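1. Give me a model of this one.
(2 chains)
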Amino acid sequence: MNDIKEISPTVDGARLVGSASQSLSGYINSYLKRMRSGDLGSLPIILGVIVIALIFQILNQNYLTPRNFVNLIVQMAGITTIAIGVVYVLLLGEIDLSIGYVSAVAAVFMTLRMRPPDGWPWFAAIAVALMFAALIGIVQGMIITRFQLPSFVVTLAGFLVWNGMVLILIGSGGTVVIQDPIVIGLANSFLPSIWGWAVAVAIVALFAIGRVNRWRDRQRRGVSTTPLSIMLTQIIALAVLIGLAVYFANRDRGVPFVGIVLLILLAAFTFLAERTQFGRYVYAIGGNMEAARRAGISVNRIRVMVFMISSLMAGVGGIVLASRLRSVDTAAGGGNLLLNSIAAAVIGGTSLFGGSGKVSSAFLGALVIASIENGMGLLGLSAGVKFVITGLVLLVAVLVDSLSRRSRSRSGLA
Amino acid sequence: MAEKPLLELKGVSKSFGAVQALSKVDFQAIPGEVMALVGDNGAGKSTMIKGIAGIYPFDEGEIYFDGKRVNIHSPRDIAAMGIEVVYQDLALADNLDVVANMFLGRERIRMPWRLDETSMEQSCIETLASLAVTSVRSVRQTVAGLSGGQRQSIAVAKAVMWNSRVVILDEPTAALGVAQTRQVLELVKTLAKQGLAVVLISHNLHDIFEVADRITVLRLGEKVEELIAANTTQQQVVHAITAGKLQHVPGMVEA
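-> Take a look at the predicted model:
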């Protein structure tokens, strides 16, 4: 995306192969051009997060405090995880309505297996719960592809079935408490400050190494590269952001362990979407399913795998949420978990129509939703007001997306 | 006969329920030549192309490639042989960039799973340059932002990048303006000059007479005639498309 390549009008090929690093001004120009044409990228949502933070800070001095910052990370972890799966499903142009209760099924399954009569160790309970969640996705995906049914209907059926399954599994018990310290620690433990800094350094180093390697490889093979100065700026910006985050977290309880899990998941699924053949096929199917089919891609296999990812991530999210509450009950996976997860992906900039979006939108969207919920909580506003505001933000996000799309199609870049 | 046909169909038929879309059609594509495939709507052109492309099997008939009888079951089979089909609208995913589209389904992989973007980008640029496709400003822009002619050029370039030997173009100029049509026709000529067997499906006789060496006329699922373009007039082709078999063609030489 950053790599603008000019093809010389003369076909001697000399300029094509011999071109070196793109000039800084050229890079900035093409960036501004894209912005003017309406391709705003993540900019509106980042501005949105900043505006929301400022408003709440003005209304309540406790909003931008280390303590609340750490709370926010823990609060958004569950939704972010589930929304990662939603992004994949939306990229295909499909929907998965079962994720809320699939997350609950996984959490309940795990909790019950660890309870005394069974007494499974935590890793076995988590592994089997996640495999079960993945299996749910595979079955739903196979029904959707084999019988060519709309995913909306099949996963709506799943929504009811898995809701029922949660009630059946928990039975009349009401609430099942999680005893295992490791499962509870997933969302309730914090890294000592030294470890926080170590992780921060590792992340920045990994990012920098990846960036520099790619740059050198492209340079060596004579394909145009992003300007060195831009690359350095990106690395420094990341270092500053991560550094600030760790600094703030360390002034409170430290970096939440679940925050690290979140970063790893985001990085892994971004890699899967943008750097692998599988991810390329997901985008291709979302963009033009027939073209993908004629290119020899096993479209249905990819679709089933995406529904599996969606259920699997719902399962992971469910376990994170259960860990945070230290228990599961009959209300698990209900409420507005499903809609918040889908809204997170959409607010973050993933299109409902398939083919466009990024894994990072799960993070950005969840950040917006969690910020609003958190801020409203601090202000002591009712759930009703919370819903109204979240709904309006969703509407604004979709409007911004639609307007920028229209402006792009006007300038021929839709 | 100048050269042996590279792709040859003998007596292929296909019916959909009661509709006989193709009946006992022979067809050939010769290296270094452009074979035009013409016929009115419903003549069976698309059915034939889809059969060759492995979208569905023919009911009967034989397919020969390079003199050997072959069975085609899926789009992968023909790609492996070196036959590429360029569809009118269905070739490209709008949301992907030029490089991703050119390599769709055949990405280069580095290390266990990673896409080798650099090498793909390089080859993409080289292929476009070798075909004199010069109007594409950036191979990293999405296909949605390209003009119709550019999109068609990319689709064709995608097809020939695989050392293909037969390229089948389904109405490549149907939606294009004058300058863009010219651009694509030049590309078609370049392909034939490079020794590929080109099959061109088109409604536009003017385009066909500009680039085609031979013309196969289909009508109502049957092959009417195979003509040598140089010895035929547009009038005769129109007659064959609309009325069927040519009775007496002055000046026509046995092929």
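2. State the mean pLDDT of stretch B:38-53.
-> Average pLDDT, stretch B:38-53: 88.
3. same thing with stretch A:111-126?
-> Averaged over stretch A:111-126, pLDDT sits at 91.
4. how about that stretch: buried residues?
-> A:111, A:112, A:113, A:114, A:115, A:120, A:122, A:125, A:126 (16 or more other Cβ atoms under 10 Å in any protein chain shown). From N, CA and C alone the C-beta is placed, and that goes for glycine too.
5. Kindly check the end-to-end length of it for me.
-> 9 Å (Cα to Cα, to the nearest Å).
6. just how off-centre is it within its chain?
-> 28 Å (Cα atoms, centre = their mean, to the nearest Å).
7. Which positions in the one helix or strand residue A:395 maps to come out as buried?
-> Following DSSP states H and E, one finds residue A:395 within helix A:383-410. Using 16+ other Cβ under 10 Å as the burial criterion, the residues of helix A:383-410 that qualify are A:386, A:389, A:390, A:393, A:394, A:397, A:400, A:401, A:404, A:405, A:407, A:408.
8. Show me which of those is closest to chain B.
-> When the buried residues of helix A:383-410 are compared for distance to chain B (Cβ to the nearest Cβ), residue A:408 wins out at 8.4 Å.
9. got a pLDDT number for the closest one?
-> Model confidence at residue A:408, expressed as pLDDT, equals 65.
10. same deal with residue A:394?
-> Looking at residue A:394, its pLDDT reads 84.
11. how close does it sit to residue A:342?
-> Separation of residue A:394 from residue A:342 (Cβ to Cβ, to the nearest Å) stands at 10 Å.
12. and the helix or strand harbouring residue A:153, which residues are buried?
-> Using DSSP H and E, residue A:153 falls within helix A:151-170. Neighbour counts using 16+ other Cβ under 10 Å place A:151, A:154, A:155, A:158, A:159, A:162, A:163, A:165, A:166, A:167, A:169, A:170 of helix A:151-170 among the buried residues.
13. starting at the chain centroid, how far to that helix?
-> 23 Å.
14. swap in stretch B:50-63?
-> 15 Å.
15. list the buried ones in that stretch?
-> The neighbour-count check on stretch B:50-63 (16+ other Cβ under 10 Å) flags B:50, B:51, B:52, B:53, B:54, B:55, B:58, B:61, B:63 as buried.
16. Would you map the strands across chain A?
-> Assigned by DSSP state E, the strands in chain A fall at A:175-177, A:327-329.
17. If you count contacts, what does the first one end up packed against?
-> Packing partners of strand A:175-177 (3 or more Cβ pairs under 8 Å, 6 or more residues apart in numbering or on different chains; DSSP states H and E): helix A:99-114, strand A:327-329.
18. so what strands line up beside the shortest one?
-> Using DSSP bridges, strand A:327-329 pairs in its sheet with strand A:175-177 (antiparallel).
19. Give me the average confidence score over the partner strand.
-> pLDDT averaged over strand A:175-177 gives 91.
20. Please point out which parts of it sit buried.
-> By 16+ other Cβ under 10 Å, the buried positions in strand A:175-177 come out as residue A:176.
21. now swap in stretch B:62-71 and tell me
-> Buried residues in stretch B:62-71, counted by 16+ other Cβ under 10 Å: B:63, B:64, B:65.
22. could the residues you listed go into a markdown table alongside secondary structure and pLDDT?
-> Shown next, in a markdown table, are these (DSSP: H, G, I helix; E, B strand; the rest coil; pLDDT from 0 to 100):
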| residue | secondary structure | pLDDT |
| --- | --- | --- |
| B:63 | strand | 92 |
| B:64 | strand | 92 |
| B:65 | strand | 92 |
